[in-house]
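> Sequence first, then the predicted structure:
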Amino acid sequence: MNLNSIPAFQDNYIWTLNDSQGQCLIVDPGEAAPVLAAIEQHHWTPVAILLTHHHHDHVGGVKELLMKWPDLVVYGPQETQDKGTTQIVYEGDTLPVLGCEFRVIFTPGHTLGHISYYSAPYLFCGDTMFSGGCGRLFEGTPEQMYESFQKLAELPDETLVCCAHEYTLSNLKFANATLPQDREINRYYQEIKELRAKNSSSLPTKLGHERQINLFLRTQDTDLQSALGYNVPPQHAWDIFALLRQKKDGF
């Protein structure tokens, strides 16, 4: 399998996965033009689209792609039913695409119906988990996003986190300001600053490394709890997560 990210808009990535025969799937095509250009350049044949949620920058190109390939299967959650989705999928569904079995994981928080797709080692998680961060809570609650993170955290360390935005630098800037003594966060922050100065992508990232540098995966960490002013364990498991998201929103 060959994984590619297609830049779109200001900081989106549209992910594609293709096999040796050139058949490909497309994840969250917010606009059609860059996808069409990549398909032409690589001589791919699209067979399916995976949608994670209903926001326009993730679904805006679907109908144009369907006009060119009307037999495309478009998988998506209930909230994308009017965005070109041809098959609504739910938590636990298994989708056979490109010889892979993609498992649907319900990951609400960013939106109420957000889903992610996993077929080892690939995790297409839309706007749920970012490298070093998590999505904004436009519709859901901190508790919902926390529970979504717990589901994704169960996946293996080698999982490739294919998120939909290039937010790594800003996330690490926040993480470094929150835990300035954390050597790995500081080291990786410097690395990503150099990488982004060259306009190079920071994605995909491995889940095993995210466990070290993503504060939203470290809410049980006593150093982090102390840095946030908690001298005793929080009342709820998601309290630290909620405070982190609040602080990141205002950072």
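Sure, I can see it.

> Backbone dihedrals for the nearest residue to Thr159 once chain neighbours are set aside, both of them.
Of all residues not flanking Thr159 in the chain, Leu207 sits nearest, at 4.0 Å (C-beta to C-beta, 6 or more residues apart in numbering). No exception for glycine: its C-beta is placed from N, CA and C like everyone else's. Dihedral pair for Leu207: phi -60, psi -30, per degrees, to the nearest 10.

> same question, Gln246
The phi/psi pair for Gln246 (degrees, to the nearest 10) is phi -60, psi -50.

> Now that we're looking at it, what pLDDT does it have?
pLDDT for Gln246: 95.

> same check, this time on Val232
Predicted confidence (pLDDT) for Val232: 81.

> ok so, going back, could you pull up the residues touching the residue nearest to Thr159?
Leu123, Leu152, Ala153, Leu155, Pro156, Asp157, Glu158, Thr159, Leu160, Val161 (C-beta atoms under 8 Å, 6 or more residues apart in numbering).

> Next: Tyr230.
Here Tyr230 is in contact with Ile240 (criterion: C-beta under 8 Å, 6+ apart).

> who's in contact with Arg218?
By C-beta under 8 Å, 6+ apart, the neighbours of Arg218 are Arg211, Leu224.

> can you tell me how far it sits from Glu101?
30 Å (C-beta to C-beta, to the nearest Å).

> for the one helix or strand Leu95 maps to, packing partners?
For Leu95, the host element (DSSP states H and E) is strand 94-97. When contacts are defined as 3 or more C-beta pairs under 8 Å, 6 or more residues apart in numbering; DSSP states H and E, strand 94-97 packs onto strand 45-50, strand 100-106.

> In three-state terms, how would Ser116 be classified?
Three-state assignment for Ser116 (DSSP: H, G, I helix; E, B strand; the rest coil): strand.

> thinking it is in contact with Gly135, fair?
No. With contact defined as C-beta atoms under 8 Å, Ser116 does not reach Gly135; the gap is 11.1 Å.

> which neighbours do the two share?
Joint contacts of Ser116 and Gly135 (C-beta under 8 Å, 6+ apart) are Gly126, Thr128.

> got the contact list for Leu244?
Thr178, Leu215, Phe216, Thr219, Leu228.

> Not counting residues beside it along the chain, what's closest to the first one?
Which is Thr178. Leaving out its chain neighbours, the residue that sits closest to Thr178 by C-beta to C-beta, 6+ apart is Ala227, at 5.8 Å.

> Can you show me the strands along the stretch 1-150 of the chain?
Along the stretch 1-150 of the chain, counting by DSSP state E, counting those that start in this stretch, strands occupy 2-8, 12-18, 23-27, 45-50, 73-76, 87-88, 94-97, 100-106, 115-119, 122-126, 129-130, 133-134.

> what mean pLDDT does the last one have?
Average pLDDT, strand 133-134: 97.

> Please shift the residue numbers so they start at 2 in all later answers.
Got it, first residue is 2 now, which makes that one strand 134-135.
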